[in-house]
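Enquirer: from the sequence below, what's the structure:
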Amino acid sequence: MLIGEVARRSGVSARMLRHYESLGLVRPSGRTGSGYREYSRADIRRIFHIESLRSLGLSLREIGRALDEPGFAPAALVDDLIHRTRERIAAETELLTRLRRIDAAGPAGWEDVLQAVALLQALGSKSADARQRAALSSVQDASVPVEALVDAVLSETDTNVAGALRWALARSGDDAAALLARGLDSPVAEVRARAVRALAELSGAEATARLRHALDGPDAVVRGYAALALGSRGVGEAVPTLIGMVVAGRNDTDAADALSVLASDTATADRIAAGLVGRLADATSDAAARGRLTQALAGIPGPRASGALAELSRDEDRAVALTATYLLRLREEP
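Expert: Below is the predicted model of the structure:
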């Protein structure tokens, strides 16, 4: 079969067939009397093998080795192809993510696009200083992609940069709460903690609703941050979690402060006092827990809290009794 016919049937151009021949990949088995290339069935089968291997991403050099070296095993080459393909997909995915973020920012012109690109590059910098500067400068930049800030918040490990990012995110608009809430479902505990801390610094009904939902989650750290934030906003649903934090000694001082903020009216103060007293019954063998509950009762007004402190002033643990006695005196002072 002459080269033109081979090209037509195989879909490989005559020019490419001659290139294959120059590389030694496939040589026509014969020549016509006029000197034209003549391909046999075996030659054509080899051309199809070459094209099949090219479709997998092999280079022509690798194809030559695969077809001509008996000891050239495919396993290592296929593994390498998988690795290279994954790297290419990751790069393409990163590019797609960056384009989507720029598009979401709604740039009005190329200047906005360039600013967004510069910010994205700075947020991804290995330098903590560069990331922090980017976070702080983003507040003045209307083209900041909120999704990029959220991703940065959820992945940031540097304490100072994380604080700057949360500050910037709190000033980025109303879209951040829903994006951050996705982080609450992360399988990584650190990501969940970063998400709830950032949510706690957002104002607005959407953020409050997400924090309320977080109170029902399985992660005690997330529940704790959510309860502290909700307590400062006067949301009574946080009370059971805050009392639990006092008993467990987990951010108990902050939890006690949040309870005292919530106890702003008589009914709520009495309900909180009842909750604390109820946990005293569970903490009879734990003097440390009774001590923390005593401290928490100090910030709760009303007769129920005072009565509990009077009883604690006779506690078998000297430290608890002295603390309760001191706190009672403070309450009795005019």
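Enquirer: residues in contact with residue 156?
Expert: 131, 162, 165, 194 (C-beta atoms under 8 Å, 6 or more residues apart in numbering). In this view, the C-beta of every residue, glycine as well, is placed from N, C-alpha and C.
Enquirer: wasn't the last one part of a strand?
Expert: The one in question is residue 194. No - counting by DSSP: H, G, I helix; E, B strand; the rest coil, one finds residue 194 to be helix, located in no strand.
Enquirer: so it touches residue 183, yeah?
Expert: Yes - assessed by C-beta atoms under 8 Å, residue 194 is found in contact with residue 183 at 6.6 Å.
Enquirer: what do these two both touch?
Expert: residue 154.
Enquirer: where exactly do the helices run in the stretch 1-150 of the chain?
Expert: All helices of the stretch 1-150 of the chain, identified by DSSP state H, counting those that start in this stretch, fall at 3-10, 14-23, 41-55, 60-68, 74-104, 110-123, 128-137, 146-155.
Enquirer: just those: most buried one?
Expert: Mean neighbour count (mean count of other C-beta atoms under 10 Å) peaks for helix 146-155 among the helices of the stretch 1-150 of the chain, with a mean of 22.
Enquirer: so which elements touch that helix?
Expert: Under the contact criterion of 3 or more C-beta pairs under 8 Å, 6 or more residues apart in numbering; DSSP states H and E, helix 146-155 touches helix 74-104, helix 110-123, helix 128-137, helix 159-169, helix 176-183, helix 189-200.
Enquirer: closest one to residue 7 among the ones you listed?
Expert: In terms of C-beta to C-beta, the element of these nearest to residue 7 is helix 74-104, at 27.4 Å.
Enquirer: tilt between the one helix or strand in the chain whose mean pLDDT sits lowest and helix 146-155?
Expert: Least confident helix or strand, the chain: helix 110-123 with a mean of 83, by mean pLDDT, DSSP states H and E. Helix 110-123 and helix 146-155 are oriented at 10 degrees to each other (axes from the mean of the first three to the mean of the last three C-alpha atoms, to 10 degrees).
Enquirer: ok, of the helices and strands packed on helix 146-155, where does mean pLDDT dip lowest?
Expert: Sorting the helices and strands packed on helix 146-155 by mean pLDDT places helix 110-123 lowest, at a mean of 83.
Enquirer: which parts of stretch 190-203 are buried?
Expert: The neighbour-count check on stretch 190-203 (16 or more other C-beta atoms under 10 Å) flags 191, 192, 193, 194, 195, 196, 197, 198, 199, 200, 201, 202 as buried.
Enquirer: I meant stretch 233-247, not that one.
Expert: Applying 16+ other C-beta under 10 Å to stretch 233-247 flags 235, 238, 239, 241, 242, 243, 244, 245, 246, 247 as buried.
Enquirer: got TSV for those residues, with distance to residue 52 and pLDDT too?
Expert: Shown next, in TSV, are the buried residues of stretch 233-247 (distance: C-beta to C-beta, whole Å; pLDDT from 0 to 100):
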residue	distance to residue 52	pLDDT
235	64	95
238	64	96
239	68	96
241	62	96
242	66	97
243	69	96
244	64	95
245	64	96
246	69	96
247	68	94
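Enquirer: return the distance of the residue nearest to residue 122 when sequence neighbours are not counted relative to residue 124.
Expert: Leaving aside its sequence neighbours, residue 122 sits nearest to residue 134 (C-beta to C-beta, 6 or more residues apart in numbering; 3.4 Å). Remark: distance between residue 134 and residue 124 (C-beta to C-beta, to the nearest Å) = 9 Å.
Enquirer: over to residue 53?
Expert: On the measure of C-beta to C-beta, residue 53 and residue 124 end up 37 Å apart.
Enquirer: check residue 290 too.
Expert: Note on residue 290: its distance to residue 124, by C-beta to C-beta, is 50 Å.
Enquirer: neighbour count for these two, which is higher?
Expert: The residue with more neighbours, out of residue 290 and residue 124, is residue 290; 24 against 16, by other C-beta atoms under 10 Å.
Enquirer: ok but that one is inside a helix, no?
Expert: Yes - residue state for residue 290 (three-state DSSP) corresponds to a helix.
Enquirer: other SSEs contacting the least confident helix or strand of the chain?
Expert: Secondary-structure packing of helix 110-123 (3+ C-beta pairs under 8 Å, 6+ apart): helix 74-104, helix 128-137, helix 146-155.
Enquirer: and the longest one, what does it pack onto?
Expert: Packing partners of helix 74-104 (3+ C-beta pairs under 8 Å, 6+ apart): helix 60-68, helix 110-123, helix 146-155.
Enquirer: picking up where we left off before, now the helices and strands packed on helix 110-123 as CSV including distance to residue 280?
Expert: Output for the helices and strands packed on helix 110-123, formatted as CSV (distance: least, C-beta to C-beta, whole Å):
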stretch, distance to residue 280
helix 74-104, 52
helix 128-137, 45
helix 146-155, 39
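Enquirer: closest to residue 230 out of these?
Expert: Nearest of the helices and strands packed on helix 110-123 (C-beta to C-beta): helix 146-155, 19.8 Å.
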